[in-house]
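A.B. asks: Attaching a predicted model along with its sequence, questions to come.
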Amino acid sequence: MSEIENAFARVVVEAERRALPMAAQLRARSDRRARRRAVVGTLAVAAVLAAGATALLPQLGRESPDQVAVPSGTVTGPPVTPSSAPPSTPAAPPTAGCPGGGFGKTIPAKALVSGTNRDAPDIPLEYLCGKPATGDAEHALPTVCPDGADAGAASILGRRGILAYLEPVQEGYTPNTYFHTVTEYTAPEAATAYLAGLRAAVAACGEYRVGSVRYDYAVTDGPALGDESLTLTRTVKVDPPAEGTPELAMFQIWVVRVGAYVSVVTDHGWEGSPTSNAEVELDPVLAQAEAKLSAL
């Protein structure tokens, strides 16, 4: 037998001894190898995608500041949707010193005690920021010293006043009148300084003359109202006397503070004469004025 035949015979013997696998086994092995290749391919694609996302994150962070990586373990809230509207700026608080040429704040009409005369409505007083009062407003507030300086004027935010009738008009009878002015200051301390300035002015300034009229102020007893209050008398002397005008008249003034607000009620009487028994007649006005300040 030749060498080739001998080699072939050995192969046959070895094949019979090892029992070569069946065709089904060969196909199963082939399927397993195919699945392993598919898994390996998927993992490779995932790795490529992860690497690409890692490279893009810095670029995304620069384009959208809201997309920032958060350290592990940090609790975050819901994402904030950026708004196209610009952030609102809080309104600046009103300031004293006549910004824009006028008072920084408007006193509401409800702060004033209106008169009871429907046939004759309240008359607004003309108060101009940083300027002396004119018209009826000249007599609405106490001018204790001849220079007419308004104590605490630099701290005023707003001021409003009226001239009102104390009672309804009746046939053959004209009722007395009163002034009511409300002023808001920058702080309760500034309002307190106004009352303190009035007390100091009464002590420092005496009687003074304007034309034919002499004025003199004094602190007197009065009701305790609001956080603090002050009652003054204004004495008016006409020299020389004028026809139709009392030679001597005394008017009551009540100053009441509640917080940063000051209410001034001034008896104006009628045609130069004060209201008879003004403490009683004007008591309802004072009570309402205090209540209205407390409601602001």
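C.D. replies: Everything's here; your move.
A.B. asks: List the pairing partners of whichever strand or helix holds residue 217 within its sheet, with orientation.
C.D. replies: Element membership for residue 217, per DSSP states H and E: strand 213-220. Strand 213-220 sits in its sheet next to strand 208-210 (antiparallel), strand 228-238 (antiparallel), going by DSSP bridges.
A.B. asks: between those, which gets nearest to residue 136?
C.D. replies: strand 228-238 (14.7 Å; C-beta to C-beta). From N, CA and C alone the C-beta is placed, and that goes for glycine too.
A.B. asks: residues of the closest one that come out buried?
C.D. replies: By 16 or more other C-beta atoms under 10 Å, the buried positions in strand 228-238 come out as 228-234, 236-238.
A.B. asks: how about the CA coordinates for stretch 191-208, as PDB?
C.D. replies: Output of stretch 191-208 as PDB, limited to C-alpha atoms (Å, rounded to 0.1, in the frame of the first residue of the first chain):
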ATOM      1  CA  ALA A 191     -43.700 112.800  60.900                       C
ATOM      2  CA  THR A 192     -42.700 112.900  64.600                       C
ATOM      3  CA  ALA A 193     -40.100 115.500  63.700                       C
ATOM      4  CA  TYR A 194     -42.800 117.700  62.200                       C
ATOM      5  CA  LEU A 195     -44.800 117.800  65.500                       C
ATOM      6  CA  ALA A 196     -41.600 118.300  67.500                       C
ATOM      7  CA  GLY A 197     -40.700 121.200  65.100                       C
ATOM      8  CA  LEU A 198     -44.100 122.800  65.800                       C
ATOM      9  CA  ARG A 199     -43.600 122.600  69.500                       C
ATOM     10  CA  ALA A 200     -40.100 124.100  69.200                       C
ATOM     11  CA  ALA A 201     -41.300 126.900  67.000                       C
ATOM     12  CA  VAL A 202     -44.000 127.900  69.400                       C
ATOM     13  CA  ALA A 203     -41.400 128.100  72.200                       C
ATOM     14  CA  ALA A 204     -39.000 130.100  70.000                       C
ATOM     15  CA  CYS A 205     -41.200 132.400  68.000                       C
ATOM     16  CA  GLY A 206     -43.700 134.800  69.500                       C
ATOM     17  CA  GLU A 207     -46.200 137.100  68.000                       C
ATOM     18  CA  TYR A 208     -45.500 138.500  64.500                       C
END
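A.B. asks: Of the strands paired with strand 213-220, which is nearest residue 111?
C.D. replies: Closest among the strands paired with strand 213-220, using C-beta to C-beta: strand 228-238, at 16.7 Å.
A.B. asks: continuing past that closest one, what's the next helix or strand?
C.D. replies: strand 248-258.
A.B. asks: List the buried residues in that next one.
C.D. replies: 249-258.
A.B. asks: Tell me which other helices or strands that strand touches.
C.D. replies: Using 3 or more C-beta pairs under 8 Å, 6 or more residues apart in numbering; DSSP states H and E, the elements in contact with strand 248-258 are helix 188-204, strand 228-238, strand 261-269, helix 278-281, helix 283-295.
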